[in-house]
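Novice: Structural data only, the sequence is not supplied:
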Ligand SMILES: Nc1ncnc2c1ncn2[C@@H]1O[C@H](COP(=O)(O)OP(=O)(O)OP(=O)(O)O)[C@@H](O)[C@H]1O
Ligand SMILES: [Mg+2]
């Protein structure tokens, strides 16, 4: 701006000196130079002051938004940015930041709940373990009694080990630290193998198992993790379905990926519980499914599904039982689920 003023003034000086060739005495020349210099200095100063004021005015909302955002910390994640939330130019920015805070708050609360749940779930088996060992040590026991205590302690330890392994797998999958090893896998063979593994319980409960295994091409999935998901979905269906009930398993494949559905004729899942069953330690509050497990199976299935870039949905089956539908895209994480 100042350079422009100097150039314009120079041009004006030159044009005036040419126009007033005869009257352009040294005195006039000095007066004109002084007048033009004053214009340049005053103009530059006014420009600088104006620019400084305008910049401050333009940046002020950003400073206010930044200041409010900076004050929000882990303990105050429920706060939202209100500065300029209704100003046309900043509405989108503030809304975007508030949506980000909402996501962070949700994640943070989930982590908090998980930590509290882990503590709660650890306390019970550890208290039982400690009680048994303390009672056993209070007096001399027979070798048989010691063996019983050790057997029971081993059961608690196995439960704890299983829980910590499940938790580790879930958190590694959520943090994308679990490396997928996708290969061409025969989905039907995996489902058949897992069903065979449940044969004894199926027989014992006199369950009817319907299979509609129509995945006619190999799917590109991590076979070990896929088998784990199938095992969890099937074992839930078998566990929650009462004696004489029915479990239906279906597979289907296409160029985009594979679909698996597991449906049962058990008590089903209440509408209010459906959105939560994939959360760690969530056990639906139904009298018929309460207290039957740790509540980590479906959280693991959900985490492995997301790692594959797939989708899983729980719903109520037509006959009243539970239905789980899993869709995995070919090729693991990143690609979309089959259409
Ligand atoms: N097929 C089903 N029928 C009815 N309820 C189900 C079914 N599958 C899951 N649920 C409900 O969802 C909850 C969470 O299931 P999830 O498999 O995560 O836990 P769990 O079976 O209780 O324990 P875990 O799998 O860790 O041994 C269950 O406690 C149960 O209330
Ligand atoms: Mg389970």
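Specialist: Yep, it's here. Every value quoted in this text rests on a predicted model; they were computed, and no experiment measured them. Numbering: from 1, shown residues only. Ligands and ions are numbered 1, 2, ... in the order given.

Novice: Tell me the helices and strands packed up against the helix or strand hosting residue 154.
Specialist: For residue 154, the host element (DSSP states H and E) is helix 143-174. If you count contacts as 3 or more CB pairs under 8 Å, 6 or more residues apart in numbering; DSSP states H and E, helix 143-174 packs onto helix 91-137, helix 297-307. From N, CA and C alone the C-beta is placed, and that goes for glycine too.

Novice: Flag every residue of the stretch 201-339 of the chain that's near ligand 1.
Specialist: Residues of the stretch 201-339 of the chain lying near ligand 1 by CB under 6 Å from any ligand atom: 236-237, 240, 264, 266-269, 277, 282-284, 289, 292-299, 322.

Novice: related to what we said a few turns ago, between helix 297-307 and the helix holding residue 154, find me the angle.
Specialist: 30 degrees (axes from the mean of the first three to the mean of the last three CA atoms, to 10 degrees).

Novice: residues near whatever residue of the chain ends up closest to ligand 2, how many?
Specialist: Ligand 2 sits closest to residue 297 of the chain, with a gap of 2.9 Å, by CB to the ion. Using other CB atoms under 10 Å, the number of residues around residue 297 comes to 20.

Novice: what does the chain have sitting close to ligand 2?
Specialist: 236, 293, 297 (CB under 5 Å from the ion).

Novice: Could you dump these into JSON lines with distance to residue 41 added?
Specialist: Below are the residues of the chain next to ligand 2 laid out as JSON lines (distance: CB to CB, whole Å):
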{"residue": "236", "distance to residue 41": "83"}
{"residue": "293", "distance to residue 41": "83"}
{"residue": "297", "distance to residue 41": "79"}
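
Novice: Can you find the residue of the stretch 1-150 of the chain that comes nearest to ligand 1?
Specialist: Going by CB to the nearest ligand atom, ligand 1 is nearest to residue 121 of the stretch 1-150 of the chain, at 10.1 Å.

Novice: Is that residue in contact with residue 282, as I believe?
Specialist: No - counting by CB atoms under 8 Å, residue 121 sits too far from residue 282 to count as a contact (11.9 Å).

Novice: before we move on, back to that, in terms of mean pLDDT, which of the helices and strands packed on helix 143-174 ranks lowest?
Specialist: Least confident of these, judged by mean pLDDT, is helix 91-137 with a mean of 91.

Novice: Now do that one against helix 143-174, angle only.
Specialist: Using the same axes, to 10 degrees, helix 91-137 lies at 170 degrees relative to helix 143-174.

Novice: which residue ranges form the helices in this protein?
Specialist: Remark: helices assigned in the chain by DSSP state H are 2-19, 26-71, 91-137, 143-174, 187-197, 199-204, 223-240, 297-307.

Novice: Could you export the ones you listed as a markdown table, including distance to residue 259?
Specialist: Shown next, in a markdown table, are the helices of the chain (distance: least, CB to CB, whole Å):
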| stretch | distance to residue 259 |
| --- | --- |
| helix 2-19 | 68 |
| helix 26-71 | 43 |
| helix 91-137 | 28 |
| helix 143-174 | 21 |
| helix 187-197 | 9 |
| helix 199-204 | 23 |
| helix 223-240 | 12 |
| helix 297-307 | 12 |
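
Novice: Contacts for stretch 85-98 next, please.
Specialist: Stretch 85-98 has contacts (CB atoms under 8 Å, 6 or more residues apart in numbering) with 61, 62, 65, 69, 80, 81, 83, 84.

Novice: neighbours around the closest residue to the third one other than its chain neighbours, how many?
Specialist: Taking CB to CB, 6 or more residues apart in numbering as the measure, residue 65 lies nearest to residue 83, with 5.2 Å between them; neighbours along the chain are not counted. When counting by other CB under 10 Å, one arrives at 18 neighbours for residue 83.

Novice: Equivalent analysis for residue 245, please.
Specialist: Count around residue 245 with other CB under 10 Å applied: 19.

Novice: That one contacts residue 202, correct?
Specialist: No - using CB under 8 Å, residue 245 is not in contact with residue 202; the gap is 10.2 Å.
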